[in-house]
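**Student:** Kindly return the folded structure for what I paste below:
(chains A and B)
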Number of protein chains: 2
Amino acid sequence: MSTPTLNHRIRLAARPHGEPGRDDFQHDAVEIRSPGPGDVLLRTRYASLDPYVRGRMSDAKSYSAPMEIGDVIVGGTVSEVVESTVDAFSPGDVVLSYGGWQEYSVEPAARLRRLDPAAAPITTALGVLGMPGFTAYAGLLGIGRPQTGETVAVAAATGPVGSAVAQIARIHGARAIGIAGGEQKVARLRELGVDEAVDHRAPDLPGRLAEAAPDGIDVYFENVGGAVWDAVLPQLNEFARVPVCGLAATYNATELPEGPDRSGQLMGAVLTKSLTLRGFIQREFVDAMFEDFLRDMTGWVADGRVQYTEDITEGLDSAPEAFGGLLRGENFGKAIVQVS
Amino acid sequence: MSTPTLNHRIRLAARPHGEPGRDDFQHDAVEIRSPGPGDVLLRTRYASLDPYVRGRMSDAKSYSAPMEIGDVIVGGTVSEVVESTVDAFSPGDVVLSYGGWQEYSVEPAARLRRLDPAAAPITTALGVLGMPGFTAYAGLLGIGRPQTGETVAVAAATGPVGSAVAQIARIHGARAIGIAGGEQKVARLRELGVDEAVDHRAPDLPGRLAEAAPDGIDVYFENVGGAVWDAVLPQLNEFARVPVCGLAATYNATELPEGPDRSGQLMGAVLTKSLTLRGFIQREFVDAMFEDFLRDMTGWVADGRVQYTEDITEGLDSAPEAFGGLLRGENFGKAIVQVS
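**Tutor:** Residues are numbered from 1 along each chain as shown, chains lettered A, B, ... in the order given. This is a model prediction of the structure:
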């Protein structure tokens, strides 16, 4: 068997208008680079698919700089060390990295975190024990701060962030309302042990949500936006907290929705209910909370109090299609591509 | 001179549709009541006019129950004790009370706060040393938390809340941008010593605000809404804090503005800039901060670091018209009616 010399990769070919299509991605192959001093050559085993990447494909100003045309699509990866220039890593080591949609990447050793394959399946570093799990933990406990007996609602509740939010809320003594689309996902929510499972695709979402929250909602973990947010807002209690983590329903929008303009009404609700809306991304909480997260979450996963689901697609070439499915809510659990 | 026996008062005759008109108020006179055990009979000297009262004239759910048709219009008052059933108060004492738009009121002694006419002009208990001043102090320091060198923007900046916000921000080492309507108010802002004074009635508010905030805005104290908020939002920095204290521009609105619907765009800004929007009313901070406020603010007023302006109208009957002017932004400083 000859040593591979080519790195197959998927790059941004064009900024998507609405839902990303085939022509927005370009597949190519280039020679594998050698690592410079302090760098490590990695072979990608698993690549993470995450909704935030849709934002970085656009030119809009956001918390992260947009990708440039021609850039490899970004994303977290679980990779194996092929060649190392530093003592800390040796070939065969498994690490959490940020290689994106390609078979090989060269990364500074300082940015890698070693994974212990004996402690947990290595794919969990992309999901429940990784960025999505930490997003749930930091947003819920750092901003939402649910108290015993309060009601926490979360949408996309079978997804890697939402399902962690619902389960952590229950561990902290709150009542958890999970919202998801379709009967199959609602059934999954029941398995996860939420107190109420609400299907946002069935008729009269506002009415059914109100029924599911007879004491109102104290924390709404926002990762969807759109019609679910419209149904949640009237149910929020005075002093409710809304960690705003994502707005997946709007990522593919190309123009503002028709009126009336309800932005003033939203500000009115913030005022009259003394609401807190707080946008965040997990990295601002890393220094303060990541260590606690890893300890707590590893324990909860080990003792079964937090369950997780992975939706693994085979082969790098399937990434664009799997990513489109993720944005349409078709995935079932943490979306991952097995690259090698 | 005979002892007065009648209490002239102004009551809510109808719920206003849009801007309150003459027919929404009813003037009448009833016999003065005697105080029951634990109560005190008060003669109103000054009645406060405040924007929040517009909200309580409507039927909409809010942080305070709406007034009922027939109720005396509510509001803070500076009053003199006429007759007391408790040892703590004697005739002639001056107190802060909540008598509303009437010449006499009977109130529980426990709800009164004694004022010292030697320490500060008694009208300041309705303004800079009262609820508006505390609203500014609590919202700015409890939620906005400006750091040295940060930029704080505030609208209605010649009003009793806004002018206190701007001046407290500067005392705390922040750069203060005051926004107000018309040249006269802008001139007053310059006297108050703000770093930038912006006229929201002149053309191209967004452009001039951007110029006034070359480093962006870190804290926006929201008490207006509407076009000013639209101009501020693009200037907010990452992690900016927005204490939402009032939305005076929208209080008289009878229907939602025309589209497009920008509420999703607003949530998008919250997300991508990691903003904090926090609605509040001052009373949630009373236990934690009122004592500090009285000490700090009394000192700042005494040494001239905080200036204040009062807009005093003569006679109870002028209250409805003065209140309308307040809602239209025509007042100049804290709006007060001298009742007796």
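**Student:** As a check, name the ranges of all helices in the stretch 1-150 of chain A.
**Tutor:** Residue ranges of the helices in the stretch 1-150 of chain A, as given by DSSP state H, counting those that start in this stretch, are A:52-57, A:131-138.
**Student:** if you compare those, which one is most tucked away?
**Tutor:** Comparing the helices of the stretch 1-150 of chain A by mean neighbour count (mean count of other C-beta atoms under 10 Å in any protein chain shown), helix A:131-138 ranks first with a mean of 26. (Glycine included, C-beta is placed from N, CA and C.)
**Student:** Off-centre distance for that helix?
**Tutor:** When distances are taken as C-alpha atoms, centre = their mean, to the nearest Å, helix A:131-138 is centred 8 Å away from the chain's centroid.
**Student:** Direction included, what does the helix or strand following that helix pair against?
**Tutor:** The helix or strand immediately downstream of helix A:131-138 is strand A:151-154, counting by DSSP states H and E. When pairing is defined by DSSP bridges, strand A:151-154 lines up against strand A:175-180 (parallel), strand A:217-221 (parallel).
**Student:** Skipping adjacent residues, who's closest to residue A:113 in space?
**Tutor:** Computed as C-beta to C-beta, 6 or more residues apart in numbering or on different chains, the closest residue to residue A:113 that is not its neighbour in sequence is residue A:96, at 4.4 Å.
**Student:** How about residue A:247?
**Tutor:** residue A:225 (3.6 Å).
**Student:** Enumerate the strands of the stretch 201-340 of chain A by residue range, in sequence order.
**Tutor:** Using DSSP state E, counting those that start in this stretch, the strands of the stretch 201-340 of chain A run over A:217-221, A:236-244, A:276-279, A:310-314, A:334-338.
**Student:** and those strands, which is most packed in?
**Tutor:** Highest mean neighbour count among the strands of the stretch 201-340 of chain A (mean count of other C-beta under 10 Å): strand A:217-221, with a mean of 27.
**Student:** tell me the angle that strand makes with strand A:236-244.
**Tutor:** For strand A:217-221 against strand A:236-244, the angle by axes from the mean of the first three to the mean of the last three C-alpha atoms, to 10 degrees is 10 degrees.
**Student:** and the angle from strand A:217-221 to helix A:131-138?
**Tutor:** Note on geometry: by the same axes, to 10 degrees, strand A:217-221 and helix A:131-138 are set 150 degrees apart in direction.
**Student:** Nearest to chain B: which residue in chain A?
**Tutor:** Nearest to chain B, among the residues of chain A, is residue A:259, at 1.4 Å (C-beta to the nearest C-beta).
**Student:** and that residue, how many neighbours?
**Tutor:** The local packing of residue A:259 (other C-beta atoms under 10 Å in any protein chain shown) involves 13 other residues.
**Student:** May I ask you to confirm that it is in contact with residue B:258?
**Tutor:** Yes: Residue A:259 is in contact with residue B:258 according to C-beta atoms under 8 Å; the separation is 5.1 Å.
**Student:** middle-most residue in chain A, spatially?
**Tutor:** By C-alpha atoms, centre = their mean, chain A has its centre lying nearest to residue A:132, at 4.4 Å.
**Student:** how far away is that residue from residue A:59?
**Tutor:** Applying C-beta to C-beta, to the nearest Å, the value for residue A:132 to residue A:59 is 26 Å.
**Student:** who in the stretch 101-250 of chain A is up against chain B?
**Tutor:** A:222, A:225, A:226, A:229, A:238, A:239, A:244, A:245, A:246, A:247, A:250 (C-beta under 8 Å from any C-beta of the partner chain).
**Student:** ok, and the most crowded of those?
**Tutor:** Within these, most neighbours by other C-beta under 10 Å means residue A:245, with 30 neighbours.
**Student:** Let me see the contact set for that one.
**Tutor:** Residue A:245 sits next to A:135, A:139, A:161, A:221, A:222, A:223, A:280, A:281, B:271 when contact means C-beta atoms under 8 Å, 6 or more residues apart in numbering or on different chains.
**Student:** Pull the contacting residues for the residue lying closest to the second one once chain neighbours are set aside.
**Tutor:** By that I understand residue A:139. In space, not counting the residues next to it along the chain, residue A:139 is nearest to residue A:243; the distance is 3.8 Å by C-beta to C-beta, 6+ apart. Neighbouring residues of residue A:243 by C-beta under 8 Å, 6+ apart: A:139, A:140, A:142, A:143, A:144, A:219, A:221, A:222, A:278, A:280.
**Student:** so residue A:76 makes contact with residue A:101?
**Tutor:** No: between residue A:76 and residue A:101 there is no contact under C-beta under 8 Å: 11.1 Å.
**Student:** Quickly list what's touching both of those two.
**Tutor:** residue A:47.
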